[in-house]
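Asks: Here's my sequence, what's the structure:
(one chain, ligands or ions: 1)
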Amino acid sequence: MSNANIEKLLAAQKVDRERLQLIQNLEKSKVKVELDKANQTLASSRVTLTQLENDAKDLQDNYQKFAKIINDTLVQVEKARSCNDTDVEHYDDFLSKLTKLEGQMADIERRIVQKTNTYKVLFNEVAKSSAIKKKYTEMFEEAKKDAAPKIQALEKQFNDMVKGIDEKLLAKYRAIRVNTGNSVKDVVVPLTADYCPSCSTFVPGAMVNKIKTDGWVICDNSNCGRIIYQA
Ligand SMILES: [Zn+2]
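Replies: Okay, here's the model as predicted:
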């Protein structure tokens, strides 16, 4: 390992790893896990609440419709009675229709009560989840605030250390860091056998020669793209 660029980048990578480890510690902390859980619970509860609201609206609409039909039927019954309609069979028809309608209405009422109860329970759960979310959000923000100065200091240290490094090489490094998110896995990796230590892709002789002349080469696997240097 004689390439000065690689040497500098390897030293900087150590600092970068430390920074990423701090970020990862935050992301994997119990507080963050609980916060994610609360967010998931809230999201699914809200979907169910919306469904219940829509169901309740449909039931109310149905209820109104039946109420109107019953009312119309009652008007017809009254009319028949006042006209001294002697057609008893006709009158009985009205009555059985009314009984049936009232039965259907009672059923809708029952379902409205059921939905309302489910809604109340879920509404309370959402309130509880919201409180939990608020608590963990505050705790997570606090933890982030605590870690921020150290993370920023490491970032500054990294930026200072990579000053003067070949721009193409540095751009590759930064691009892989972006692609791999907050992973602490190394971007600059040593060639110890004839394959990439990060993804195990074969490193052919031509690439090995390129490492010898340039000091480094980019792994052929586009999903990996690690910077490989001669160990
Ligand atoms: Zn690779």
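Asks: How many residues are close by Ser130?
Replies: Residues within reach of Ser130, counting by other CB atoms under 10 Å, total 14. C-beta: built from backbone N, CA, C; applies to glycine.
Asks: and Phe158, how far is that from the ion?
Replies: Using CB to the ion, to the nearest Å, we find Phe158 at a distance of 22 Å from the ion.
Asks: neighbours around that residue, how many?
Replies: 18.
Asks: next SSE after the helix or strand harbouring it?
Replies: Using DSSP states H and E, Phe158 sits in helix 88-161. Downstream of helix 88-161, the first helix or strand assigned by DSSP H and E is helix 167-179.
Asks: quick check, distance from whichever helix or strand comes after that next one to the centre of its chain.
Replies: Remark: after helix 167-179, the chain's next helix or strand is strand 188-191, criterion DSSP H and E. Computed by CA atoms, centre = their mean, to the nearest Å, the chain-centroid distance of strand 188-191 equals 34 Å.
Asks: So what touches strand 188-191?
Replies: For strand 188-191, contacts defined as CB atoms under 8 Å, 6 or more residues apart in numbering pick out 1, 6, 9-10, 13, 173, 196-198, 203, 208, 211, 216, 226-231.
Asks: which strands and helices sit next to the helix holding Phe158?
Replies: Helix 88-161 is packed against helix 4-27, helix 30-82, with contacts defined by 3 or more CB pairs under 8 Å, 6 or more residues apart in numbering; DSSP states H and E.
Asks: Which residues of this structure lie near the ion?
Replies: Taking CB under 5 Å from the ion as the contact definition, the chain meets the ion at Cys196, Ser198, Cys199, Thr201, Cys219, Asn221, Cys224, Arg226.
Asks: can you put the residues you listed in CSV and add neighbour count and pLDDT?
Replies: Formatted as CSV, those follow (neighbours: other CB atoms under 10 Å; pLDDT from 0 to 100):
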residue, neighbour count, pLDDT
Cys196, 22, 96
Ser198, 20, 95
Cys199, 14, 95
Thr201, 17, 95
Cys219, 23, 96
Asn221, 14, 93
Cys224, 18, 93
Arg226, 24, 96
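Asks: residues in contact with Thr180?
Replies: Neighbouring residues of Thr180 by CB under 8 Å, 6+ apart: Val187.
Asks: want to try a markdown table for the helices and strands packed on helix 88-161, with mean pLDDT and distance to Lys97 as columns?
Replies: Below are the helices and strands packed on helix 88-161 laid out as a markdown table (pLDDT from 0 to 100; distance: least, CB to CB, whole Å):
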| stretch | mean pLDDT | distance to Lys97 |
| --- | --- | --- |
| helix 4-27 | 96 | 65 |
| helix 30-82 | 88 | 6 |
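Asks: Same list, those helices, but as CSV with mean neighbour count please.
Replies: Output for those, formatted as CSV (neighbours: other CB atoms under 10 Å):
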stretch, mean neighbour count
helix 4-27, 17
helix 30-82, 14
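Asks: so which of those helices gets nearest Gln104?
Replies: Closest approach to Gln104 among these (CB to CB): helix 30-82, 5.9 Å.
Asks: roughly how far is that closest one from the heart of the chain?
Replies: 28 Å.
Asks: from here on, count from 2
Replies: All set: I'll call the first residue 2, so the last point we hit is now helix 31-83.
Asks: which helices and strands sit right next to it?
Replies: Counting contacts by 3+ CB pairs under 8 Å, 6+ apart, helix 31-83 is packed against helix 89-162.
Asks: what's the angle between the helix it packs on and helix 5-28?
Replies: Here the directions of helix 89-162 and helix 5-28 differ by 140 degrees (axes from the mean of the first three to the mean of the last three CA atoms, to 10 degrees).
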